[in-house]
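Student: My questions concern the predicted model and sequence given below.
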Amino acid sequence: MKKIILIVLFAIIPLYSQVDNWKVIRDVDPLTDKKIVYISTESLEKQKFNYSINSGKLIIRSDGGKISLFVNWGGFVNIDNTFVSYRFGEKPYKSGPWSTSSDNKATFANRPIDTINLMLGEKIAIFRTTPFGDNPVTYSFNIVGLEKLLAENQLEFNSIFDKDESEATKSEKWRVDFDRRSENADKRMDKEFRNILILSFFTVLLIEIFSPY
């Protein structure tokens, strides 16, 4: 009986663990066999909205290497994108539109990797949003030890450490590449237009020369 209990315990430990203020849950997609890792922490305070007392949860997820960061506010927020303000440590606060979950209780960062990189090395993260028809809701989170957990799960969160390929860098590369392709396309169009003009000129000239009238 003791052996069975030990086997069960060893099977559960890799799937769920807790490090101080953080909880880590590991799972595997049964269809694709991709590893899914959730790193989450509860808010330090509760807030009253949606006619109830709620707490927030900050979650960082790797779904087969695809990184997402979102805040579950514990109640209805909005049915559409909503503005979220956030601040990490003493860094200046930022604001921007975040998408909402299907149950309308969570908001997702549009640039999760860049946002997570801002969190590294900080102790406190503060998030604020205004639920539809309600007062602003602010949650603070203890994020000490986040970089240690990410390092322990580096295989799943590898793109966070690839700072040379951050989302902002990729976006800028895409813009430069788009501008270059647009410039090349304009040059090709100018060349083709000149060729059409030249061809039209010689066509008209030949018609004038060989016309019997």
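Tutor: Everything's here; your move. Numbering: from 1, shown residues only.
Student: Do a quick rundown of the strands in this structure.
Tutor: 16-19, 22-28, 35-49, 52-63, 66-72, 82-88, 94-100, 106-108, 124-129, 137-142 (DSSP state E).
Student: Averaged pLDDT, the longest one. What do you get?
Tutor: Per-residue pLDDT values over strand 35-49 give a mean of 96.
Student: Pull it out as PDB, backbone CA atoms only.
Tutor: Output in PDB follows, covering the C-alpha atoms of strand 35-49 (Å, rounded to 0.1, in the frame of the first residue of the first chain):
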ATOM      1  CA  LYS A  35       3.900  20.500 -23.100                       C
ATOM      2  CA  ILE A  36       1.800  23.100 -21.400                       C
ATOM      3  CA  VAL A  37       3.100  25.000 -18.400                       C
ATOM      4  CA  TYR A  38       1.200  27.500 -16.200                       C
ATOM      5  CA  ILE A  39       3.000  29.800 -13.800                       C
ATOM      6  CA  SER A  40       0.500  31.700 -11.700                       C
ATOM      7  CA  THR A  41       0.300  33.900  -8.500                       C
ATOM      8  CA  GLU A  42      -2.700  35.300  -6.600                       C
ATOM      9  CA  SER A  43      -3.200  39.000  -6.000                       C
ATOM     10  CA  LEU A  44      -2.100  40.400  -2.600                       C
ATOM     11  CA  GLU A  45      -5.500  42.000  -2.100                       C
ATOM     12  CA  LYS A  46      -9.200  41.500  -2.900                       C
ATOM     13  CA  GLN A  47     -11.500  44.000  -4.700                       C
ATOM     14  CA  LYS A  48     -15.200  44.500  -4.700                       C
ATOM     15  CA  PHE A  49     -16.900  44.600  -8.100                       C
END
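Student: what sits up against that strand?
Tutor: Residues from elsewhere that reach strand 35-49 (C-beta atoms under 8 Å, 6 or more residues apart in numbering): 21-29, 53-64, 74-75, 131, 134-135, 137-143, 146, 149-150, 153, 155-157. C-betas here are computed from N, CA, C, even on glycine.
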